[in-house]
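Asks: Fold the following for me, if possible:
(chains A and B)
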Amino acid sequence: MSFCCFHRWLVAEVFAISDDSIAVHELRERVKNPGSGGVCVFEGWVRNENDGRTVQRLEYEVYAPLAIKEGEKVIAEAKQRFPFLAASCVHRSGLLEIGDCAVWVGVSAPHRDEAFKACRYIIDEIKVRLPIWKKEHYIDGDSDWVNCERCANV
Amino acid sequence: MKKITVKYFAMFREHAGLSEETLKLDVVTAQDVYEQTQHRHGSSEPTGHCKVAINDTMAEWTSGVNDGDVVLLFPPVAGG
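Replies: So this is what the prediction gives:
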């Protein structure tokens, strides 16, 4: 058995931060498993509007050492709650344009119920727990950190 | 007094104009560090919306800090 095939079926939980475009087709291959009857994928994309303001591009700041640790924890928790066979998640850092993939989550499982639920759990927890910050650059030249409006009053 | 390295992120970093500094602080908990560096991070946000890590491990605001610790102050996160 070549390393490639061996690797292909044994890849389990993976979380990564990427400075480059997310290679969604490669990631889909990663969660393939002979015991899986399907895959549930969520892709988060950069949208051109937020709160009535026209967004031109986004910037993600990530504290990678802890984001990776916490991301792996989230995937392990999902597996305990909704047993699946393979999961993978990649979150972008750096500058992104409208339509770029900001986050990719894929979960494959024998049946769809676990795949949907685990995928939902992973994306929901990643959004609120990982040390990742989003700065929106607007068409008028202004920029703002998302969720930080309450911090700005000093 | 304890020697504490404080790291600032995102909006906190921009407000402070630096990403980290080592300070001599009279502190017991992570919350004390947050309050005593308020002039740097500039946030009046209650700690409930922000997060803290000590020595690269997520912590609580009530967690104790020791001499030599690295305290990471995280403004409200926004992944995804």
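Asks: Look up how far B:Leu23 lies from the most centrally placed residue in chain B.
Replies: Geometric centre of chain B, nearest residue: B:Leu73, 3.2 Å, by CA atoms, centre = their mean. According to CB to CB, to the nearest Å, B:Leu73 stands 12 Å off from B:Leu23. From N, CA and C alone the C-beta is placed, and that goes for glycine too.
Asks: Find residues that contact each of those two.
Replies: Shared contacts of B:Leu73 and B:Leu23, defined by CB atoms under 8 Å, 6 or more residues apart in numbering or on different chains, comprise B:Val6, B:Thr37.
Asks: how would you label the residue nearest to B:Thr37 when sequence neighbours are not counted: helix, strand or coil?
Replies: Spatial nearest neighbour of B:Thr37, chain neighbours left out: B:Val6 (5.5 Å); criterion: CB to CB, 6 or more residues apart in numbering or on different chains. At B:Val6, secondary structure determined by DSSP: H, G, I helix; E, B strand; the rest coil is strand.
Asks: tell me the contacts of B:Val6?
Replies: Residues counted as contacts of B:Val6 (CB under 8 Å, 6+ apart) are B:Glu20, B:Glu21, B:Thr22, B:Leu23, B:Val33, B:Thr37, B:Arg40, B:Val70, B:Val71, B:Leu73.
Asks: rerun that using 6 Å as the cut-off
Replies: B:Glu21, B:Thr37, B:Val71 (CB atoms under 6 Å, 6 or more residues apart in numbering or on different chains).
Asks: The helix or strand hosting the residue nearest to the centre of chain B near chain A at all?
Replies: B:Leu73 is located in strand B:70-74, with elements delineated by DSSP states H and E. Yes. Using CB under 6 Å from any CB of the partner chain, we find that strand B:70-74 touches chain A at B:Phe74.
Asks: could you dump that strand to PDB, C-alpha only?
Replies: Output of strand B:70-74 as PDB, limited to C-alpha atoms (Å, rounded to 0.1, in the frame of the first residue of the first chain):
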ATOM      1  CA  VAL B  70       2.300  36.000  29.300                       C
ATOM      2  CA  VAL B  71      -1.300  37.400  29.300                       C
ATOM      3  CA  LEU B  72      -3.100  37.600  25.900                       C
ATOM      4  CA  LEU B  73      -6.000  40.100  25.700                       C
ATOM      5  CA  PHE B  74      -8.500  39.200  23.000                       C
END
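Asks: Parallel or antiparallel, list what pairs with it.
Replies: strand B:2-8 (parallel), strand B:51-54 (antiparallel) (DSSP bridges).
Asks: Need those strands in a markdown table (columns: distance to A:Asp144 and mean pLDDT).
Replies: A markdown table is the format used below for those (distance: least, CB to CB, whole Å; pLDDT from 0 to 100):
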| stretch | distance to A:Asp144 | mean pLDDT |
| --- | --- | --- |
| strand B:2-8 | 18 | 98 |
| strand B:51-54 | 20 | 96 |
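Asks: I'd like to know which of those lies nearest to A:Ile75.
Replies: Among the strands paired with strand B:70-74, strand B:51-54 comes nearest to A:Ile75, with 19.3 Å by CB to CB.
Asks: Show residues contacting the helix or strand just after that closest one.
Replies: Downstream of strand B:51-54, the next assigned helix or strand under DSSP H and E is strand B:57-59. With CB under 6 Å, 6+ apart as the test, strand B:57-59 has contacts from B:Ala30, B:Val52, B:Ala53.
Asks: One more: stretch B:20-32?
Replies: Stretch B:20-32 is contacted by residues B:1-7, B:33, B:36, B:47, B:52, B:59, B:61-63, B:65 when judged by CB under 6 Å, 6+ apart.
Asks: For B:Gly68, give its distance to B:Ser43.
Replies: 25 Å.
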